[in-house]
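> Can you look at this prediction? I've put the sequence above it.
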Amino acid sequence: MPGMNGDFIYFDCFSGISGDMFAGALLDLGAGSPEMLESALGGLGLRGWSISWERRIVNGISAGKFDVKVEEEQEPKSYAAIKKLIRAAGLPEAAQSHCLEIFGRLAAAEAAAHGESLESVHFHEVGMVDSIIDIVSACLLMEDLSPDEVLSSPVALGSGWTQTMHGQMPVPAPATASLLKGIPLFQGSEEAELTTPTGAALISHFAGSFGPLPPVTISAIGYGAGSRKTKRPNLLRCIKGERAGAGGEEDGGQLLIETNVDDSTPEQLAYLAELLIHKGAADAWLTPVIMKKGRPGVVLSVLCPEEREEQFLDMIFSESSTFGVRATPVKRRCLEREIIEVGTPHGTIRVKIGYRRGKAVTISPEYEDCREAALAAGVPIAEVYAAARQTAAKRSTE
């Protein structure tokens, strides 16, 4: 029978969020390892740095502290230089994509805050080696977890003033405030910068929605310690698990949003479909149709939770050329799921198994695992799929 999928990540930002807290919490949760990070980070070609991760007790709570040490003072890097570093680093494809999008968000926020263009903007605090490593580490660890859904609590900001390369700035700093537009926030009681631009960029990129913790079955909890001394625990809590009831067949409260489009480019629509899924849609797809006057067009279909209708409408209207959509409540029924790892002659493969009334009815090896194994072993991918299915089928009946 299924165990925990671990497909649900919830960031509890009761004391804000920063890049080192983000990475520390994920390591504490069990994602990756410092050794894995060091190996991948070496491809960036940065000099004079080292990372460490240790356990600390913060206000009686055991937490992970992620640190980046830089041996010598270095000049901040431009947006263009950082993009070049990331593209040449040999990072996993998904981690590279996350990194580029996060630095793109930071560049846009910094440019808007300081009246510069994207081409001319230079990062200061977030363009330093330690911040670059924080962000790349966070993306590598999230790729290692690969959760199906990422949610967050409202984000604590703090108050007062913070010292930057531009001088003193009010909390939140202008770039931080820009990155957190549309996200529920609260000031909190600490007179300190609780959320940094790096933390704001990470949480605004990865979290699909913000609010209280929904009904969830917890499998693991990680804590990431911040560097500041605060009255209350300066920690980021990360909860891993599965939505309560997600393993059953009923998955009600879904909305089917559709719109016909004939004047958006294929690239724009493909990007939008990927974005909708990344932000928490249960599914999104494109269907070619013939529209009025014989023009070819596309129907964009999105399946999403009813309570998040407005958020998905905002994305559809801002990222496509449509002037209207139609929304229909639907009932979604799902198999109970688990993801297991099985050994095959070609390596370890993750396999998703679907159960109905306690019986395994669907066995689906993960494509990326099978692809990598087939290329490494020089065998047809069908052979890897067959070996993984056979082993998983035996395991599912044990």
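Okay, I see it.

> what number of residues lie near Ala201?
28 (other C-beta atoms under 10 Å). Every residue, glycine included, has its C-beta placed from N, CA and C.

> In three-state terms, label it for me.
Of the three states, Ala201 takes helix under DSSP: H, G, I helix; E, B strand; the rest coil.

> Let me see the mean pLDDT of the helix or strand hosting Ala95.
For Ala95, the element it lies in under DSSP states H and E is helix 93-114. Here helix 93-114 scores 89 as its mean pLDDT.

> other SSEs contacting the following helix or strand past that helix?
Next along the chain after helix 93-114, taking DSSP H and E as the criterion, comes helix 129-145. In this structure, helix 129-145 makes packing contacts with helix 19-29, helix 34-41, strand 49-58, strand 61-70, helix 79-87, helix 93-114, helix 197-206, judged by 3 or more C-beta pairs under 8 Å, 6 or more residues apart in numbering; DSSP states H and E.

> Show me how far the third one is from its chain's centre.
In this view, strand 49-58 has its centroid 23 Å away from the chain centroid, taken as C-alpha atoms, centre = their mean, to the nearest Å.

> now stretch 385-395
Put simply, stretch 385-395 sits 30 Å off its chain's centre (C-alpha atoms, centre = their mean).

> So for that stretch, what gets flagged as buried?
The neighbour-count check on stretch 385-395 (16 or more other C-beta atoms under 10 Å) flags 385, 387-389, 391-392, 395 as buried.

> Ramachandran coordinates for Arg389?
The phi/psi pair for Arg389 (degrees, to the nearest 10) reads phi -60, psi -40.

> can you list the domains in the protein?
The chain resolves into domains spanning 8-243, 250-333, 336-396 when parsed by automatic domain parsing.

> From one end of the last one to the other, what's the distance?
Which is domain 336-396. This stretch, domain 336-396, spans 13 Å end to end (C-alpha to C-alpha, to the nearest Å).

> what's the average pLDDT for it?
Mean pLDDT, domain 336-396: 90.

> most packed of the domains of the chain?
Mean neighbour count (mean count of other C-beta atoms under 10 Å) peaks for domain 8-243 among these, with a mean of 19.

> just the angle between the helix holding Ala95 and helix 79-87, please?
Here helix 93-114 points in a direction 170 degrees away from that of helix 79-87 (axes from the mean of the first three to the mean of the last three C-alpha atoms, to 10 degrees).

> by contact count, what packs against helix 93-114?
helix 79-87, helix 129-145, helix 174-179, helix 197-206.

> right, so of those helices, which gets closest to Glu258?
helix 197-206 (26.8 Å; C-beta to C-beta).

> Give the next helix or strand downstream of that closest one.
Taking DSSP H and E, what comes next after helix 197-206 is strand 209-210.

> quick one: contacts of the helix or strand just after that next one?
Elements were assigned by DSSP H and E; along the chain past strand 209-210, the next helix or strand is strand 216-225. Residues outside strand 216-225 that contact it (C-beta atoms under 8 Å, 6 or more residues apart in numbering): 4, 6, 8, 10, 20-30, 56, 58, 61-66, 234-244.
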